[in-house]
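**Q** below is the sequence, then the predicted model.
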Amino acid sequence: MDSQVTIRDDSSSYPGVSARPETAEVVNLSGRFFVGGCALIAAAVLFLGHDIPVWFLAAEVLVTILSLFLLGSFKYQIHKNALTYGMLLVIVATFCKLGTSEWHVEIQERGWWHWAQANLLTFRGLDDLIHADTMLFILGLTFFVSVIAQTRLLEGITFTLLRRNEGAILPTVIAVTAFVAVASAVFGGVSMIGLTIRTLVIVLLLAAAPASAITYSVIVCTAITTICGVWVAYGEPPNLIMKANLNPLLGNAFFVIYCAPAAIVSYLLIARQLRKRLRTQHVFLDLLDVVEANAQDVRFLQATRHGEVLTPIEFVENHAAELGGHAEGVLRWLHQGETFGLSLFREKVPESTRKNLLGRFVSEELADSLDRHYQLAFDRDLEGAKRAEHAVDEALASLAHLRRRAQTVGAVALVPFIGLLIVHGINDRVPLFWASITGFLCALIGIAGIPKMRTLALHEGYVEYAEYYFLFPLFLSITLLTKAGFFDLIQTLVHKGIESMGQGHVAFAQFLGCTFLSAILDNNIVADFASRGLHGLSPSVLHLFAMAQILGYALGGCWTHIGCAQSVVAFAFIRRDVDDRYTPLQWIKDITPVIMEILVALTALIYLQNAILRWLS
């Protein structure tokens, strides 16, 4: 592909750019000390406790959930795994000392062995205990998407659209985010968020978009992958949790009929906000250099040769020590839309360092050609720069067939994945996780012969899934509350609320409650907790309440930087690559306008659905 390079004009320093981010002081508390203290408390409860009331167990679970927010957002913090696994010791000990429960009665009548066989030694028992099928499905899905991501499919789609739109950012971003909204409903928003953010940021940096536009686009990715992905049961983990808790009353048709309208309306409101921010942004395609113009092949080459795929900003931050005093200046130029190679020349980085970094960023055998290309471009010899990039073009072209093969295999892997989802929908005795595990194994064939890329995909999948480990103790804790009869009280309150307020107002109250709780807690836990209070309702009322809860935890999950896994990823990206001084309060300030718009629209949908149900009855 023919391309050329232009020298962009200098301008003022980019706000918030630093080679070494200045972050607020955080005091990390000892996880081992905390777990040890919990173990001592649990031992004391086992030896001294007797006929502990159910409300005390509920209070311990509530304290655990609130502590995730309090000890994860402010100065004093503790690792969430240490917190949840440590508190689980106390919660289990307390459960053992309750006056009675469903499991106490079962063990007294049939013995420990029968209880273990039913709850620990069967897949269905483990599924009831810790949502085993859902968590295994997420495991396979995480690795499946991680493998497909290495084929650079989304980058390819984005740059194809960018060329068709002649460099216009807005229609390109609208089309890409629409694709992501649909894909998130099937492949999971958590799996899509990181790839989406990096792809959009690459394009926005090429357009030299202001920091505010980049930050807002990153935040909006959270809403797109969360709220717009609720129309299929398999996209969001909270959807799967709610579907499992209310099985068989929530089928696949429920999510399409009740949640798809909300997803569409939410996306239209988000697209309107994007239009305000990006309508004037443009990429001048004829000014892109060879690395920028072939983004998907360059990133495929990075994964193949180096086993990592980084944006230029991430790469410079990781190699700031080698750049020494030049790092801050290079970052400043990158944020202003300059290319990586020209940024090195702008800051007068020594030749040996330049070639070393260019080789490690793209490929060692292309380092000399790239350095020569940028040298001529810096000297404004554009014809010479174009000739010097031929070696790079040839190397990228030689990899194109390998990339296309991997993409084809990834596309073919969708066949068994979707097929097994359909089989599960017809017969829920077929475990859900077989779909994602089979899809992952089939997709892996496409990159099996590329060792570094294969290792990268497996590592990224492992790191991403590790973010779910803290959920297992919380799921078990909520199961213990269920067996202790706590949710019978919640169900009674729901029935009394319907009698006194009417089902429409109760549904709205559940929507608001889930929205605010999900803003300060993890929305997976909100979904598991709230959905257990819906048993005993008529199907139509249950569907209305389930819809209200789903929309609530999806909306609330994006409202803060910790509401869902997507928010955590997006906030970390902003702090690392856009503005190291960006705060949680700024996040809330930036996203609240669109959250309020969506909240009003979803409220109208909830009351409209209630009116339809009353009319049909």
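**A** Ah, there it is. Numbers count the residues shown, from 1 in each chain.

**Q** what's around Val105, how many residues?
**A** 11 (other C-beta atoms under 10 Å). C-betas here are computed from N, CA, C, even on glycine.

**Q** helix or strand right after the helix or strand hosting it?
**A** Using DSSP states H and E, Val105 maps to helix 102-110. The first helix or strand that comes after helix 102-110 along the chain, using DSSP H and E, is helix 112-119.

**Q** quick one: mean pLDDT over that following helix.
**A** The pLDDT scores in helix 112-119 average 90.

**Q** how far is that helix from where the chain is centred?
**A** 36 Å (C-alpha atoms, centre = their mean, to the nearest Å).

**Q** which residues sit against whatever helix or strand comes next after that helix?
**A** The helix or strand immediately downstream of helix 112-119 is helix 123-130, counting by DSSP H and E. By C-beta atoms under 8 Å, 6 or more residues apart in numbering, the list of residues contacting helix 123-130 from outside reads 117-120, 132-134, 244, 431, 472, 475-476, 479.

**Q** got a list of what Gly337 touches?
**A** Contacts for Gly337 (C-beta under 8 Å, 6+ apart) come out as Arg8, Leu205, Leu206, Ala207, Ala208, Ala209.

**Q** can you give me the pLDDT of it?
**A** Per the predicted model, pLDDT is 73 at Gly337.

**Q** phi, psi of it?
**A** When read as degrees, to the nearest 10, the backbone of Gly337 gives phi 100, psi 0.

**Q** the longest helix anywhere in the chain - contacts with which helices or strands?
**A** Identified as the longest helix of the chain according to DSSP state H is helix 390-426. Counting contacts by 3 or more C-beta pairs under 8 Å, 6 or more residues apart in numbering; DSSP states H and E, helix 390-426 packs against helix 132-149, helix 153-164, helix 290-293, helix 295-306, helix 367-378, helix 433-444.

**Q** spatially nearest residue to the residue most central in space within the chain (excluding sequence neighbours)?
**A** By C-alpha atoms, centre = their mean, the chain has its centre lying nearest to Val190, at 2.5 Å. Nearest non-adjacent residue to Val190, counting by C-beta to C-beta, 6 or more residues apart in numbering: Ala565, 4.6 Å away.

**Q** what are the neighbouring residues in contact with the one you found?
**A** Neighbours of Ala565 in contact, by C-beta under 8 Å, 6+ apart: Gly189, Val190, Ile193, Glu467, Tyr468, Asp522.

**Q** tell me where the stretch 401-550 of the chain has helices.
**A** Assigned by DSSP state H, counting those that start in this stretch, the helices in the stretch 401-550 of the chain fall at 433-444, 451-466, 471-483, 486-501, 503-520, 523-531, 539-559.

**Q** give me the residues contacting the shortest one.
**A** This points to helix 523-531. Contacts for helix 523-531 (C-beta under 8 Å, 6+ apart): 65, 131, 237-239, 241-242, 245-246, 471, 474-475, 478, 510, 513-514, 517-518, 546, 549-550, 552-554, 556-557, 563-564.

**Q** Ile598 against Leu269, yeah?
**A** Yes. Contact between Ile598 and Leu269 holds when scored by C-beta atoms under 8 Å: they sit 5.5 Å apart.

**Q** so the residue of the chain most remote from its centre versus Glu102, what's the distance?
**A** Distance from the C-alpha centroid of the chain, by C-alpha atoms, centre = their mean, peaks at Glu109 (45.1 Å). Taking C-beta to C-beta, to the nearest Å as the measure, Glu109 falls 11 Å from Glu102.

**Q** got it, and Gly194?
**A** Gly194 sits at a distance of 41 Å from Glu102 (criterion: C-beta to C-beta).

**Q** out of these two, which sits in the busier spot?
**A** Per other C-beta under 10 Å, whichever of Gly194 and Glu102 has more neighbours is Gly194, with 21 against 11.

**Q** tell me how far that one lies from Leu154.
**A** From Gly194 to Leu154 the distance is 11 Å (C-beta to C-beta).

**Q** just Ala93 next, same as before
**A** 47 Å.

**Q** tally of neighbours for Cys514?
**A** Neighbour count of Cys514, defined by other C-beta under 10 Å: 28.

**Q** count of neighbours near the nearest residue to Trp115 once chain neighbours are set aside?
**A** Nearest residue to Trp115, sequence neighbours excluded (C-beta to C-beta, 6+ apart): Ile107, at 5.1 Å. Residues lying near Ile107 (other C-beta under 10 Å) number 15.

**Q** likewise for Thr408?
**A** The burial count for Thr408: 12, using other C-beta under 10 Å.

**Q** ok, the closest residue to it other than its chain neighbours to Ala406 distance?
**A** The spatially closest residue to Thr408, leaving aside those adjacent along the chain, is Gly446, at 7.3 Å (C-beta to C-beta, 6+ apart). Using C-beta to C-beta, Gly446 is found at 4 Å from Ala406.

**Q** give me the common contacts of those two.
**A** With C-beta under 8 Å, 6+ apart as the test, Gly446 and Ala406 both reach Thr151.

**Q** low-confidence ranges, the stretch 1-150 of the chain, go.
**A** 1-24 (pLDDT under 70).

**Q** residues touching the nearest residue to Ser540 once chain neighbours are set aside, list them.
**A** Distances taken as C-beta to C-beta, 6+ apart put Leu613 closest to Ser540, at 5.0 Å, once the chain neighbours are dropped. By C-beta under 8 Å, 6+ apart, Leu613 lies in contact with Gln503, Ser540, Val541, Leu544.

**Q** any idea which element Leu613 lies in?
**A** Going by DSSP H and E, Leu613 is part of helix 584-616.

**Q** now the strand or helix carrying Phe573: buried residues?
**A** Using DSSP H and E, Phe573 maps to helix 565-573. Counting neighbours by 16 or more other C-beta atoms under 10 Å, one finds that the buried residues in helix 565-573 are Ala565, Gln566, Ser567, Val568, Val569, Ala570, Phe571, Phe573.

**Q** nearest to Phe284, of those residues?
**A** Closest approach to Phe284 among the buried residues of helix 565-573 (C-beta to C-beta): Phe573, at 25.8 Å.

**Q** which residues touch the closest one?
**A** Per C-beta under 8 Å, 6+ apart, neighbours of Phe573: Gly194, Ile197, Arg198, Val201, Val218.

**Q** now it: how far from Val412?
**A** Shown here: Phe573 relative to Val412, a distance of 31 Å by C-beta to C-beta.

**Q** ditto for Gly359
**A** Gly359 is 35 Å from Val412, by C-beta to C-beta.

**Q** looking at those two, which one has more neighbours?
**A** Set side by side, Gly359 and Val412 show more neighbours around Gly359, with 18 against 13, by other C-beta under 10 Å.

**Q** pretty sure that one sits against Leu366.
**A** Yes. Judged on C-beta under 8 Å, Gly359 makes contact with Leu366 at a distance of 7.2 Å.

**Q** got the phi/psi numbers for Ile92?
**A** Careful, residue 92 is Val and not Ile. Dihedral angles (degrees, to the nearest 10) for Val92: phi -60, psi -40.

**Q** any idea how far it is from Ile138?
**A** According to C-beta to C-beta, Val92 and Ile138 sit 24 Å apart.

**Q** mind listing what's buried along stretch 527-544?
**A** Those would be 527-535, 537, 540-544, for stretch 527-544 by 16+ other C-beta under 10 Å.

**Q** got phi/psi on Leu121?
**A** According to degrees, to the nearest 10, Leu121 has phi -110, psi 10.

**Q** just give the number of residues close to it.
**A** 10.

**Q** picking up where we left off before, between the helix holding Phe573 and helix 539-559, how big is the angle?
**A** 10 degrees (axes from the mean of the first three to the mean of the last three C-alpha atoms, to 10 degrees).

**Q** give me the pLDDT for the residue nearest to the centre of the chain.
**A** So, for Val190, pLDDT stands at 76.
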